[in-house]
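Participant: Sharing a model that was predicted from the sequence below.
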Amino acid sequence: MAALRPLRRAAAWALVALALGAAAAAQDQPPAPQAMPVLTLDQERFFTESAFGRAALERERQALRALDEENKRIEAELIAEEQVLTELRRTLPQAEFTAQAEAFDRKVEQIRDAQDSKAEDLTKARDTERQAFLKAAIPVLGELLGERKAVAILDKAGIILSLSAIDVTDEAIARVDAVLTVEPPAP
């Protein structure tokens with residue numbers, strides 16, 4: 001323990017010297033410019049709580065619901081067709097049954113691919129609507145930036161700590177609702 005005391009003292013003096021050196025260097029620096037405000041925006045809320053975002057989400061829900069209903073209908077048809085094929089297995093020659101079973105498998109794969117493609121199209125449409133919204137909202141955010149004499153609007157999700165006074169999400173939602181319709185903006 002006694003052997004560690006000189007090391008601790010040396011480390012403490014090194015820290016003091018470092019702090020004094022930093023203070024001296026800071027005195028040689030020109031004064032810092034006035035702080036420029038930075039604003040934050042919760043991008044998710046900005047979209048989902050705006051009238052456009054709510055309408056876009058409702059369109060997406062309806063499309064997903066329609067696809068789900070279509071999938072359930074197709075599934076019921078395929079189950080019925082499979083049951084018929086299973087019954088035919090008892091009466092058909094093996095080669096004929098095998099041909100019909102393979103045709104059924106190909107049909108199922110084609111349907112699965114088509115339905116997967118429809119789901120991908122819905123995802124692309126969602127992403128396109130979000131991008132179009134943000135593109136159309138840029139002038140609104142630009143006005144807000146200028147009025148607040150700020151230098152940037154940062155996504156709130158990337159901020160570790162901030163004052164709530166710099167969050168402009170509610171104001172941005174109100175402003176974008178005043179200028180955007182609920183229909184998708186032109187790309």
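Facilitator: Happy to help now that I have it. Numbers count the residues shown, from 1 in each chain.

Participant: tell me which element residue 69 falls in.
Facilitator: Assigned by DSSP states H and E, residue 69 belongs to helix 51-88.

Participant: can you give me the helices in this protein?
Facilitator: Here the chain has its helices, by DSSP state H, at 4-28, 43-48, 51-88, 94-147, 169-179.

Participant: now the ones you listed in TSV, with mean neighbour count?
Facilitator: C-beta here means a position set from N, CA and C on the backbone, and glycine is covered the same way. Shown next, in TSV, are the helices of the chain (neighbours: other CB atoms under 10 Å):
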stretch	mean neighbour count
helix 4-28	9
helix 43-48	18
helix 51-88	13
helix 94-147	13
helix 169-179	17
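
Participant: Export these as a markdown table, with columns for mean pLDDT.
Facilitator: Formatted as a markdown table, those follow (pLDDT from 0 to 100):
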| stretch | mean pLDDT |
| --- | --- |
| helix 4-28 | 41 |
| helix 43-48 | 94 |
| helix 51-88 | 95 |
| helix 94-147 | 94 |
| helix 169-179 | 91 |
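
Participant: so which of those helices gets nearest residue 163?
Facilitator: Residue 163 lies closest, by CB to CB, to one member of the helices of the chain: helix 169-179, at 13.7 Å.

Participant: Give me the spatial nearest neighbour of the residue sitting nearest the centre point of the chain, chain neighbours excluded.
Facilitator: The centre of the chain sits closest to residue 44, judged by CA atoms, centre = their mean, with a distance of 7.1 Å. The shortest distance from residue 44 to any residue other than its chain neighbours is 7.5 Å, reached at residue 157 (CB to CB, 6 or more residues apart in numbering).

Participant: And for that neighbour, the neighbour number?
Facilitator: 10 (other CB atoms under 10 Å).
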